[in-house]
Structure formats: C-alpha cells, structure tokens
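Need a 3D model of the following:
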Amino acid sequence: MKMFEHSRNRRSCASHCAAHGAVLVLAIFIGSSASFAFAQPADQESVSQQIEKLTTAMARTQAQLEQSQHELDEMRKELGELEQKLAQGGNAAAPAPQPESGQAPSSRESASATESTATEIEGLRERQAVQESEIATHEQAKVESESKYPVKVTGMLLMNGFVNTSAVDMAAAPTVALAGPGSVGASMQQTTLGLDAQGPRLWGARSFADLRLDFWGSSAPAGSAASYSGYASNASGLVRLRTAHAGLNWDKTQVYFALDRPIISPETPTSLTAVAEPPLAWSGNLWTWNPQAGITQEILSTGPLGVELQAALIDAGDAPLTPVTLPGGSVTPTPPNSGEQSSRPGVEARIAMIGSGRDDRRSHFGIGGYFAPHTSVLGRSYDSWAATLDTRLNLFAGLQLSGSAYRGLGLGGLGGGAYKDFAFSPDPDTGGYYFRALDDAGGWAQLKEKVSERLEFNAAFGMDNVFAKPLRRYYSSTGSEIQNLARNRTFTGNVIYAPSAYLLFSLEYRRLESAPVVGLPTWGNVFGLGAGYKF
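You can find the predicted model right below:
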C-alpha cells in the first residue's frame with residue numbers, strides 16, 4: 001500500500017509540475033497568437049477560434065494544477081493529524097475497559113500503538129521529502145530544442161574509490177581477476193550524461209527519444225578487454241555513447257530502434273560502483289549494447305496477469321578477443337564485424353508473463369531466443385544462438401528476486417563466452433586454421449531488500465562458463481590469461497543509501513574468480529565506495 005501511495009503522490013507531483021509549465025507555455029503562445037491576429041485582420045475568425053481552444057486547454061490545465069495542490073495539502077493535513085495523535089500518546093482515545101481483576105492496562109499495547117504511529121509518520125515524512133525534491137526538479141527551466149518539444153537533461157556525477165587485492169582487467173570497474181599485484185585509486189569516468197525528449201503524437205502514439213553517454217572511452221588497442229564497450233569496441237575518445245532509443249508508444253504497443261542490451265536479457269543487477277560496464281558483466285549478465293529495431297506488444301493484460309511479446313532485429317558486435325584482420329594482414333579503418341560480413345541480420349524474440357501495473361517494477365517471467373549468422377575474418381562461418389530465461393519477483397517485506405540464465409553458442413558479442421565467440425589456431429601444414437565456435441552457459445541472480453525509499457541492500461552471484469572440452473585443444477601457453485579463460489564468477493554485495501532524491505552513497509564488495517582452461521584459477525577481492533549526485 002505504501003508503494004502505491006508513493007507512486008500516486010509522484011504522479012500527482014508530476015502532474016502539478018507539468019501543469020505549471022503548461023500554463024506558462026500556453027500563456028506565451030496566446031500572447032503571440034493575439035499579436036499575429038492584429039497583424040492579419042483577414043484571419044481574425046480563425047485566430048479567435050484558436051484562442052478559444054487554447055483558453056479551454058489552459059482552464060483544464062489549471063484545474064489539474066489545483067487538484068494536485070489539493071492532494072498535497074491533504075497529505076500534509078494527514079501528517080499533522082498523525083503528529084498530534086503521537087503527542088497525545090493515546091490519551092485522546094476512549095478509555096479501554098478495565099480488566100475484572102482491577103489491574104491497569106498493560107503499557108505494552110500503548111507502546112506498540114505509539115511505535116506504529118511513529119512509523120507511519122516517518123513514512124509520510126520520507127515520501128513528502130522525495131516528493132518535494134522532485135517538484136523542485138520539475139520547476140527548473142527546461143532545455144529548448146530545435147523542434148520546440150520538451151527535452152530534459154539527466155545524468156549522474158559519480159565518483160568511485162576502489163581497492164583491488166590482485167591485478168584486474170580494469171582497475172576502476174573490474175570484471176576479471178588476473179595474476180599480479182593489486183591497486184588502489186579513484187575515478188570519475190563512470191559519470192553519465194543523458195537527454196530525454198518527448199515529440200509529437202503520430203498515428204495516435206506518443207513519440208520519444210533518449211540517449212546516454214559516459215566518459216569511459218579508452219585509448220587501449222581495439223580488441224583488448226579494457227577497450228571493449230559493446231558494439232563500439234574500438235572507441236578511443238573520452239566520451240562514449242552507451243545507449244540510445246527512439247520510437248512510438250501506444251497504449252499496449254511500442255515500435256522502436258535502439259542501441260541497448262539484448263531484449264532476451266532485460267534485467268540487470270544493482271550497483272553504484274559498476275556503471276561503465278554493468279554489474280556481473282562477463283559473469284553471466286548478457287549486457288552488451290548493440291543496434292536493434294523491434295516491437296513490443298502486450299496482450300491479455302486486462303486481469304492481474306498479462307502477456308508481453310517482443311521481437312527485434314539485432315546487429316550483434318564481436319567479442320573483445322575476436323580478430324579483425326588476419327595475422328600480418330592490412331588493417332582497414334572500420335572493418336565490418338563478423339555478423340555484418342554474413343550479410344544477414346540477427347533476430348531475437350521473447351515472451352513473458354507480466355504482473356499488473358504500468359511501472360518498471362512489476363513482476364515478470366520471460367523466455368527468450370536469439371539467432372545470428374556470422375562469417376569470421378578467418379573465412380569460417382558459424383551461427384550464434386541462445387535460449388534464455390529471465391525473471392523479477394516482488395516478494396514480501398520489500399524483498400525482490402531477479403535473475404537470468406542462458407545456454408548458447410558464440411555469445412561473446414552479447415557479453416558471454418569468456419570474452420570470446422570462438423577459438424582458433426593456425427594449421428602449419430595447410431596454412432589454414434583450426435576453428436571452433438564455443439558453447440557457453442551462465443546466468444546470475446540477485447536478492448534485493450528495499451528497507452525504505454532511501455535504503456536498500458543487494459546480494460548477487462553470476463557465472464559465465466565456456467565448455468572446457470572444446471576450448472582445451474586451443475589452449476596456448478603463450479596466450480593471454482583472458483584468451484585461455486574458461487570460467488568467470490563474481491560474488492557481490494552492496495548497500496545503497498540515498499539521503500535525498502539527488503544524493504546516493506554506496507559501499508560494495510566483490511569477489512572475482514577467473515579460471516583458465518588449464519591451470520589454477522586466480523581470484524581477487526574488490527572493495528568499492530561510490531558517491532553520486534543525480535541531476
């Protein structure tokens with residue numbers, strides 16, 4: 001019930017602020033329309049009709065504003081009554097009948113009632129603080145766009161400190177443990193910046209667009225794990241494109257194109273210190289951002305449960321260790337990836353049972369599939385595929401269980417396969433190559449405890465496992481640790497505290513265990529601190 005009331009208050013505030021902005025815009029537009037009417041006497045009747053329509057719309061918006069203000073006043077009144085009730089300490093209530101023995105009522109019941117009232121008051125205060133913070137945000141001046149439709153700047157200034165007890169692939173956001181000494185430091189490169197835009201209504205649908213950037217660009221050579229960023233694996237600048245979306249939203253249908261994680265892996269664990277590459281990346285989380293175009297359709301959603309159908313075309317990128325040229329061959333500036341060389345797009349589909357409601361926190365259980373043909377630079381073709389399961393279950397007492405699992409072949413381009421789609425070795429007799437696309441299985445699970453709107457705890461585990469038998473024959477004693485990597489596991493836990501709607505603080509622990517196909521595994525402990533300011 002508290003979550004429902006909180007969502008209602010947030011919607012009220014959003015309506016309040018949207019109405020406030022709409023009144024200003026309408027007033028300016030009416031003024032300009034009136035000036036235009038004086039300059040064009042011949043169109044007086046048409047302009048008058050427009051002014052009448054705008055006046056009606058402004059009156060309706062003003063009514064919405066008054067309703068939102070009324071709801072906020074009611075909430076404050078309720079808070080005052082609860083505070084008064086707590087101050088009276090139960091004295092205002094009718095005296096309870098005395099027991100036959102003549103003894104006074106136990107103070108335990110009175111203390112319990114007082115504690116319950118105090119809890120309700122604290123909850124109301126918390127919701128009011130979050131609500132007022134969001135109102136202040138929406139009352140700021142909006143960014144003006146060329147199209148004159150609203151654009152909102154979002155993002156998070158994020159600083160994270162880290163202590164790594166062993167060598168890792170990326171010090172500030174490690175995903176694999178390596179042999180060598182540890183490191184200590186801090187970084188602000190995981191800071192994110194975004195734009196959210198709302199466009200005109202087309203064919204009865206609301207148009208939208210958004211994009212997200214960060215500062216995780218690297219000058220490391222393309223093809224190394226440290227430079228990998230999903231589809232754009234050769235990014236060498238500081239600013240990096242993370243995700244982007246544009247599409248049309250109907251009531252139960254969405255058509256879009258995007259740069260984002262695969263639709264067969266919709267969930268991701270929670271972390272404030274692993275943002276540049278999401279939590280449990282390369283440990284069971286299929287996360288890589290690839291170009292896609294798809295459609296989502298909800299059916300049978302009139303009752304407590306519904307069904308969601310999704311389908312998309314995807315241009316899956318190559319894994320970090322996929323060669324882009326033959327040894328000794330010439331290098332082209334932007335060679336096509338193996339999926340593009342096949343001249344056929346990849347496809348993915350998902351069907352899910354979804355809970356009631358319209359927000360992103362509703363429960364679901366989904367089954368997905370993925371297929372993409374590839375032609376490698378070695379002249380060998382293979383078909384990448386995956387079968388997936390995903391879920392998010394809202395349990396009792398603020399608990400939430402989420403996770404995903406997969407089984408497939410050649411999944412390095414989606415964030416699996418231990419950084420590889422396939423393994424190969426040269427054949428000195430023929431001058432060709434021995435080649436094998438790698439079977440892979442993995443997944444992750446997270447348990448979240450949301451104590452309140454300001455405090456949550458998360459514990460998660462993930463594993464990506466390339467089948468050792470096919471990989472062992474391609475083991476190279478001179479190869480890198482990641483090239484010979486067969487299994488990568490991560491255990492993680494964190495606490496996130498938000499004293500306001502804008503400030504976030506986190507303490508996180510991770511244990512990385514990375515096992516080569518031959519030899520002993522390496523492991524490392526990672527301690528992270530995160531501090532973020534959302535805007």
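
Report the central residue of the protein.
Nearest to the mean C-alpha position of the chain, by CA atoms, centre = their mean, lies Thr268 at 6.6 Å.

List the contacts of that residue.
The contact partners of Thr268, by CB atoms under 8 Å, 6 or more residues apart in numbering, come to 261, 278-279, 285, 287. Where you see a C-beta, it was placed from the backbone N, CA and C, and this is true even at glycine.

and it, what pLDDT?
According to the prediction, Thr268 has pLDDT 95.

what about it, is that helix, strand or coil?
The assignment at Thr268 comes out as coil when based on DSSP: H, G, I helix; E, B strand; the rest coil.

Report the separation between it and Gly346.
To Gly346, Thr268 is 21 Å away according to CB to CB, to the nearest Å.

do Gly431 as well
According to CB to CB, Gly431 stands 31 Å off from Gly346.

Looking at the two, which is more packed in?
Shown here are Gly431 and Gly346; by other CB atoms under 10 Å, Gly346 has more neighbours (24 against 7).

What helix or strand is Gly80 located in?
According to DSSP states H and E, Gly80 maps onto helix 44-88.

per-residue confidence averaged over that helix?
In this model, helix 44-88 carries a mean pLDDT of 72.

Just the closest of the contacts of Thr268 to Ile496, please.
Distance to Ile496, by CB to CB, is smallest for Pro279 among the contacts of Thr268, at 11.9 Å.

burial count for that closest one?
The tally of other residues near Pro279 (other CB under 10 Å) stands at 27.

next one: phi and psi at it?
Per-residue torsions, Pro279: phi -60, psi 140 (degrees, to the nearest 10).

Now do it against Trp287, distance only.
Distance of Pro279 to Trp287, computed by CB to CB: 9 Å.

who are the neighbours in contact with Gly403?
Contact partners of Gly403, counting by CB under 8 Å, 6+ apart, are 267, 390-391, 443-446.

By neighbour count, which of the residues you listed wins?
The residue in the contacts of Gly403 with the most neighbours, by other CB under 10 Å, is Trp444 (27 neighbours).

The stretch 401-535 of the chain: helices as residue ranges?
In the stretch 401-535 of the chain, the helices defined using DSSP state H, counting those that start in this stretch lie at 468-472.

show me where pLDDT drops low in it?
For the stretch 401-535 of the chain, no stretch is flagged by pLDDT under 70.

Among the contacts of Thr268, which one lies nearest to Gly410?
Distances from Gly410 to the contacts of Thr268, taken by CB to CB, are shortest for Trp287, at 16.5 Å.

Surely that closest one touches Ala281?
Yes: counting by CB atoms under 8 Å, Ala281 is a contact partner of Trp287 at 5.3 Å.

Between those two, which is the more surrounded one?
For Trp287 versus Ala281, neighbours defined as other CB under 10 Å are more numerous around Ala281 (26 against 21).

Let me see the contact set for that one.
If you count contacts by CB under 8 Å, 6+ apart, Ala281 has them with 175, 274, 287, 415.

Now secondary structure and distance to Gly185 too, for those, in a markdown table please.
Compiled in a markdown table, the contacts of Ala281 are given as follows (DSSP: H, G, I helix; E, B strand; the rest coil; distance: CB to CB, whole Å):
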| residue | secondary structure | distance to Gly185 |
| --- | --- | --- |
| Thr175 | coil | 17 |
| Ala274 | coil | 15 |
| Trp287 | coil | 24 |
| Gly415 | coil | 25 |
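
What's the separation between Ala316 and Asn484?
Distance from Ala316 to Asn484, by CB to CB: 24 Å.

quick one, which of these two is more surrounded?
More crowded of Ala316 and Asn484, by other CB under 10 Å: Ala316, with 29 against 21.

before we move on, the earlier item: name the residues contacting each of Trp287 and Ala281.
Residues touching both Trp287 and Ala281 by CB under 8 Å, 6+ apart: Gly415.

just the strands in the stretch 201-350 of the chain please.
All strands of the stretch 201-350 of the chain, identified by DSSP state E, counting those that start in this stretch, fall at 205-214, 240-249, 253-260, 290-299, 305-314, 346-355.

right, and the ones you listed - which one's nearest Phe371?
strand 346-355 (5.6 Å).

circling back: which one of the contacts of Gly403 is nearest Lys252?
Closest to Lys252, out of all of the contacts of Gly403 and judged by CB to CB, is Asp390, at 20.5 Å.

and the host helix or strand of the closest one, what other elements does it pack with?
According to DSSP H and E, Asp390 maps onto strand 381-394. Helices and strands touching strand 381-394, by 3 or more CB pairs under 8 Å, 6 or more residues apart in numbering; DSSP states H and E, are strand 346-355, strand 364-375, strand 399-409, strand 433-437.

at 7 Å what do you get?
If you count contacts as 3 or more CB pairs under 7 Å, 6 or more residues apart in numbering; DSSP states H and E, strand 381-394 packs onto strand 364-375, strand 399-409.

In a strand, Glu122, correct?
No: using three-state DSSP, the secondary structure at Glu122 is helix, not a strand.

neighbours of it, just the number please.
Glu122 has 12 neighbouring residues, counting by other CB under 10 Å.

What residues does Glu267 make contact with?
The contact partners of Glu267, taken as CB atoms under 7 Å, 6 or more residues apart in numbering, are 390, 392, 402-404.

picking up where we left off before, please convert the contacts of Ala281 to JSON lines, extending it with distance to Ser376.
Below are the contacts of Ala281 laid out as JSON lines (distance: CB to CB, whole Å):
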{"residue": "Thr175", "distance to Ser376": "24"}
{"residue": "Ala274", "distance to Ser376": "30"}
{"residue": "Trp287", "distance to Ser376": "23"}
{"residue": "Gly415", "distance to Ser376": "19"}
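
before we move on, the earlier item: and Glu456, which of the strands of the stretch 201-350 of the chain is closest to it?
That would be strand 346-355 among the strands of the stretch 201-350 of the chain, by CB to CB, at 20.1 Å.

ok, residues contacting the closest one?
262-264, 305-316, 339, 362-372.

Repeat that for stretch 160-179.
Counting by CB under 7 Å, 6+ apart, 180-187, 189-190, 225-226, 273-274, 276-277, 281-283, 481-482, 485, 488, 512-514, 522-530 sit against stretch 160-179.

Tell me which of those residues fall in strands.
Using DSSP state E, the members of the contacts of stretch 160-179 that fall in strands are 183-187, 485, 488, 512-514, 522-530.

I'd like to know how many residues surround Arg201.
Neighbours of Arg201 (other CB under 10 Å): 11.

who's it bridged to?
Per DSSP bridges, the residues bridged to Arg201 are Arg206.

Need the pLDDT of it.
For Arg201, pLDDT reads 89.

could you check the distance from Ile264 over to Val451?
Taking CB to CB, one finds Ile264 at 32 Å from Val451.

These two: who's more crowded?
Per other CB under 10 Å, whichever of Ile264 and Val451 has more neighbours is Ile264, with 26 against 12.

Tell me the spacing between the residue nearest to the more buried one when sequence neighbours are not counted and Tyr406.
Spatial nearest neighbour of Ile264, excluding adjacent residues (CB to CB, 6 or more residues apart in numbering): Gly368 at 3.2 Å. Using CB to CB, Gly368 is found at 9 Å from Tyr406.

Which residues are in contact with each of those two?
Shared contacts of Gly368 and Tyr406, defined by CB under 7 Å, 6+ apart, are found at Thr388.

And Ala397, how far from Ile264?
31 Å.
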